[in-house]
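[1] predicted model and sequence follow; I will ask about them next.
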Amino acid sequence: MALKIAKRSDISPFIVMDVMRSANAREATGKDVLHLEVGQPSTPAPKPVIEAAKLALDNQLLGYTDSLGILLLRQRLSDYYKAYYNLLIPDDRIVITTGSSGAFILSFLSVFEHGDKVGVTSPGYPAYKNILRALGVEVIEIQVNADTAFQLSTEVLSNIKVSLDGLIIASPSNPTGSMLSNASLEAICSWCDAQKVRLISDEIYHGITFQRKANTALCYNQNAIIVNSFSKYFSMTGWRLGWMVVPENLTRPVERLAQNFFISPPTLSQLAAVSIFDCVDELDTNVDRYARNRSILLTELPKAGFKKIAPSDGAFYLYADVSSLTCDSEAFCAKILAETGVAMTPGVDFDDRFGRNFVRFSYAGATTDIIEASKRLVQSYLHASRR
């Protein structure tokens, strides 16, 4: 008789990782792939970060650090909040984590009990609901659509029939790239305070915006938990480093959890990341490339049949309605990969209900790849239209 497997593991896969595995398998056979499926910058970490890592490898033991992270990195982040948001955030409220994934686990464990109800938007980043469900938290999916630019509003929140214990927001969001206005963000923060709902704000795409700067929920709600990452704007994806900003009374509870779950964040990554704040000009050049890539796709994708695209104000994603092309986005993406070598993510990863009608494109890659992918998609669509 087989030994049991815990029910908490019976959650949905992170489908973008499955797509990436299929794309890698194609590459292993010698065929090319244009990676528009995964939200990973094609640029490496800036040179000062790499040099700092080399220096640390040569001169440091690289043992454990404090579970909250090295003080110098937390101080640099405190300075960054002052420079970028004009907010004074003491370094003792900043927690360095093993990627934003580690921050979500610590956030959820520190403020939600088994059976609590937490609101997440649909479409939205799938790991929110999958982690919450694995922890025994009840996920309340809040459907958003093109009518609200795929973002929440207090009107939508007021129509929820259950009492929430928590709410997760993201601006810019994944998969759409849409953003909350400052007024909407402030209203949601005030609503959470009034309703005694714990707010968790995913801000990992801050820095990657095209018309206006994203504001942090900390401007409007000091009880909010902020999750951010060195992966996206800071171009350090594989270094697995993120951070949280927590209310003062949560620092010790989070520290106890971090001590037992993770011991400490990756030491080498922390030492290297101290230099990242001196690289803003290079990082902003990356954002300029994302803007060019976005412009190319917005021009070319309609020629390939992707005519209804959600507003993309930030991050590096486009979310396209493909209901005129397919009723099975997963099979559609597999077919496109097989026929053109262009990898993209089916909407079912982000929305259980309507995701079969959507796909997500990432434009974090090289501009040459975006141009070639657009060309192949247009050719494939024109060829199919002639059949």
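    Yep, that arrived. Numbering: from 1, shown residues only.
[2] for the stretch 101-250 of the chain, which spans come out with low pLDDT?
    Applying pLDDT under 70 to the stretch 101-250 of the chain flags no residue at all.
[3] can you give me the helices in it?
    In the stretch 101-250 of the chain, the helices defined using DSSP state H, counting those that start in this stretch lie at 126-134, 154-158, 182-195.
[4] wait, what's in contact with S269?
    S269 makes contacts with 53, 230, 236, 239-241, as judged by C-beta atoms under 8 Å, 6 or more residues apart in numbering. To be clear about C-beta, it is placed using only N, CA and C from the backbone, and glycine gets the same treatment.
[5] same check, this time on S312
    Going by C-beta under 8 Å, 6+ apart, S312 touches 176-178, 210, 294, 298, 318-319.
[6] need phi/psi at it.
    Main-chain dihedrals, S312, degrees, to the nearest 10: phi -120, psi 90.
[7] how much space between it and S385?
    26 Å (C-beta to C-beta, to the nearest Å).
[8] rewinding a little: which of the contacts of S312 sits closest to D278?
    Of all these, D278 sits closest to F210, with 24.2 Å by C-beta to C-beta.
[9] is that closest one in contact with D313, as I believe?
    Yes: F210 lies in contact with D313 (C-beta atoms under 8 Å); the separation is 6.3 Å.
[10] quick check, pLDDT for L382.
    If you check L382, the pLDDT there is 84.
[11] repeat for N24
    Model confidence at N24, given as pLDDT, is 89.
[12] in which helix or strand does it reside?
    Using DSSP states H and E, N24 sits in helix 15-28.
[13] hey, C-alpha coordinates of that helix in CSV?
    What follows is helix 15-28, C-alpha atoms only, in CSV (Å, rounded to 0.1, in the frame of the first residue of the first chain):
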residue,chain,number,x,y,z
ILE,A,15,1.5,26.6,-15.3
VAL,A,16,4.0,29.2,-16.5
MET,A,17,6.7,26.9,-15.1
ASP,A,18,5.2,24.0,-17.0
VAL,A,19,5.3,26.0,-20.2
MET,A,20,8.9,27.0,-19.6
ARG,A,21,9.7,23.3,-19.1
SER,A,22,8.1,22.5,-22.4
ALA,A,23,10.0,25.3,-24.0
ASN,A,24,13.3,24.1,-22.6
ALA,A,25,12.5,20.6,-23.8
ARG,A,26,12.1,22.0,-27.3
GLU,A,27,15.4,23.8,-27.0
ALA,A,28,17.1,20.6,-25.9
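[14] distance from that helix to the middle of the chain?
    In terms of C-alpha atoms, centre = their mean, to the nearest Å, the centre of helix 15-28 is set 19 Å apart from its chain centre.
[15] buried ones in that helix, by neighbour count?
    15-16, 19-20, 22-23, 26 (16 or more other C-beta atoms under 10 Å).
[16] give the helix, strand or coil label for I296.
    The assignment at I296 comes out as helix when based on DSSP: H, G, I helix; E, B strand; the rest coil.
[17] next up, the contacts around it.
    I296 neighbours (C-beta under 8 Å, 6+ apart): 363, 367, 370-371, 374.
[18] related to what we said a few turns ago, among the contacts of S312, which one lies nearest to W191?
    Minimum distance to W191 across the contacts of S312 is 19.0 Å, recorded for S178 (C-beta to C-beta).
[19] in the stretch 251-387 of the chain, which spans are helices?
    Under the criterion DSSP H, counting those that start in this stretch, the stretch 251-387 of the chain contains helices at 251-261, 267-273, 280-300, 329-340, 367-386.
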